[in-house]
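> this is a predicted model, with the sequence first.
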Amino acid sequence: MKIIVCIKQVPDTTEVKLDPKTGRLIRDGVPSIINPDDKNALEEGLRIKDENPGSTVTVVSMGPPQADVAMREALAMGADEAILISGREFGGSDTWATSYIIATALRKIGDFDIILCGRQAIDGDTAQVGPQIAEQLGIPQITYVQNLKIEGKKVVCERQLEDGYCVMEAEMPVLLTAIKELNTPRYMTPKGIYDAYKKTVQIWGFKDVPVDEAKIGLKGSPTNVNRTFSPEPKGKGEMLEGADRNTVKTLVDKLVEKHLL
Ligand SMILES: Cc1cc2nc3c(=O)[nH]c(=O)nc-3n(C[C@H](O)[C@H](O)[C@H](O)COP(=O)(O)OP(=O)(O)OC[C@H]3O[C@@H](n4cnc5c(N)ncnc54)[C@H](O)[C@@H]3O)c2cc1C
């Protein structure tokens, strides 16, 4: 089985900052990690590989050259091959352009059975890239996967819902998005780390991915992030003590003052 896992390197924080002029993520001074859901996606790919001898796991990421560290970590966890899509031309892509570029690269890799993505990246937070890759490739997708079984050429998944789950199945090739409930990602081993630095991370630049230049980067992106902000922390609440008439009157007065009554 040929398994592909899409991983994104993200700042190790949920409070991302953007340059107000360019809209670019400010990465300086913020350590980077593999997006947490993507580690679950990778773990699942590695589990399938362990249980199906002859299978391979290829990790794919689109990002700046620094994403090499994330690729090495994935190799150290057990991935066989790593491809980093990296080039100035790709910078500024929105989720649509990102998924178009990644889908084009995956088509070039070809012959895949399962594509695993995380549900959501902790910086962009849109949860759009996985489903859009499936759309661009014209293959079925199952999102929010919390349990996965392989039955011949079919996947049978538990898809998490707010109040339970539903069981869905699809023929391969299929794209699945992983949530943290799916598994516990394994640690890198010392030998894995050593081997990871002997392997090659393939870099695919603009000329290696046959994309239409008009559909990528800032110019090719149909959406724009106008503003990003963290909500102001709310002030401390006020507690009224007592269960007498005066306290109730004070409460009512305050609610009227705030136009809540
Ligand atoms: C300069 C700049 C401008 C931008 N402008 C816009 C804009 O105008 N509009 C807009 O919507 N966004 C914009 N973005 C954000 C960009 O679109 C997202 O960072 C990117 O598309 C991923 O979306 P996400 O983080 O929401 O991922 P999600 O959709 O939440 O990620 C889901 C899953 O998809 C996979 N995935 C996501 N990204 C990658 C990746 N790069 N490589 C491999 N796998 C991946 C992972 O498995 C991940 O878990 C901009 C980014 C930059 C750097």
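All right, it came through fine.
> contact residues of the stretch 101-250 of the chain facing the ligand?
102, 117-118, 120-121, 123-130, 221, 223-225 (Cβ under 6 Å from any ligand atom). Every residue, glycine included, has its C-beta placed from N, CA and C.
> what about the helices in the stretch 1-150 of the chain?
Using DSSP state H, counting those that start in this stretch, the helices found in the stretch 1-150 of the chain span residues 36-51, 68-77, 95-109, 129-137.
> compute the inter-axis angle for the third one and helix 129-137.
In this case it means helix 95-109. Angle, helix 95-109 to helix 129-137, by axes from the mean of the first three to the mean of the last three Cα atoms, to 10 degrees: 60 degrees.
> just send the helices of the stretch 1-150 of the chain back as CSV, with mean neighbour count and distance to Val252 too.
Converted to CSV, those look like this (neighbours: other Cβ atoms under 10 Å; distance: least, Cβ to Cβ, whole Å):
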stretch, mean neighbour count, distance to Val252
helix 36-51, 22, 46
helix 68-77, 22, 56
helix 95-109, 21, 48
helix 129-137, 21, 49
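> in CSV: these, plus mean pLDDT and distance to Val10.
Formatted as CSV, the helices of the stretch 1-150 of the chain follow (pLDDT from 0 to 100; distance: least, Cβ to Cβ, whole Å):
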stretch, mean pLDDT, distance to Val10
helix 36-51, 98, 8
helix 68-77, 97, 9
helix 95-109, 98, 13
helix 129-137, 98, 12
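> which residue is the nearest non-sequential neighbour of Pro173?
Counting by Cβ to Cβ, 6 or more residues apart in numbering, Pro173 lies nearest to Ile139, which is 5.0 Å off, once chain neighbours are set aside.
> rewinding a little: to Gln202, which of the helices of the stretch 1-150 of the chain lies closest?
Closest approach to Gln202 among these is made by helix 68-77 (9.2 Å; Cβ to Cβ).
> quick one: is that closest one near the ligand?
No. Helix 68-77 does not reach the ligand (Cβ under 6 Å from any ligand atom); its nearest approach is 9.5 Å.
> the closest residue to the ligand within the stretch 51-200 of the chain: neighbour count?
Here the stretch 51-200 of the chain gets closest to the ligand at one residue, Gly124, 1.9 Å apart by Cβ to the nearest ligand atom. As a burial measure, Gly124 scores 18 neighbours (other Cβ atoms under 10 Å).
> then Ile7?
By the criterion of other Cβ under 10 Å, Ile7 has 29 neighbours.
> that one contacts Ile34, doesn't it?
Yes. Under the criterion of Cβ atoms under 8 Å, Ile7 makes contact with Ile34 at 5.4 Å.
> touching both of these two, which residues are there?
42, 70, 74 (Cβ atoms under 8 Å, 6 or more residues apart in numbering).
> the last one touches Ile34, doesn't it?
The one in question is Ala74. Yes. Counting by Cβ under 8 Å, Ala74 does reach Ile34; the two are 6.9 Å apart.
> in this protein, which spans are strands?
Along the chain, counting by DSSP state E, strands occupy 2-6, 9-11, 32-34, 56-62, 81-85, 114-118, 141-151, 154-161, 164-171, 174-178, 201-204.
> can you list contacts of the third one?
Outside strand 32-34, the residues that touch it by Cβ under 8 Å, 6+ apart are 7-12, 42, 66-67, 69-70, 73-74.
> the last one too?
Residues outside strand 201-204 that contact it (Cβ under 8 Å, 6+ apart): 65, 68, 71-72, 75, 81-86, 105.
> got it, and the first one?
Strand 2-6 has contacts (Cβ under 8 Å, 6+ apart) with 38, 41-42, 45, 48-49, 55-61, 74, 79, 102, 106, 109, 111-118, 129-130, 133.
> got it, and the fifth one?
For strand 81-85, the surrounding residues in contact (Cβ under 8 Å, 6+ apart) are 56-63, 65, 67-68, 71-72, 74-75, 101-102, 105, 109, 199, 201-204, 209.
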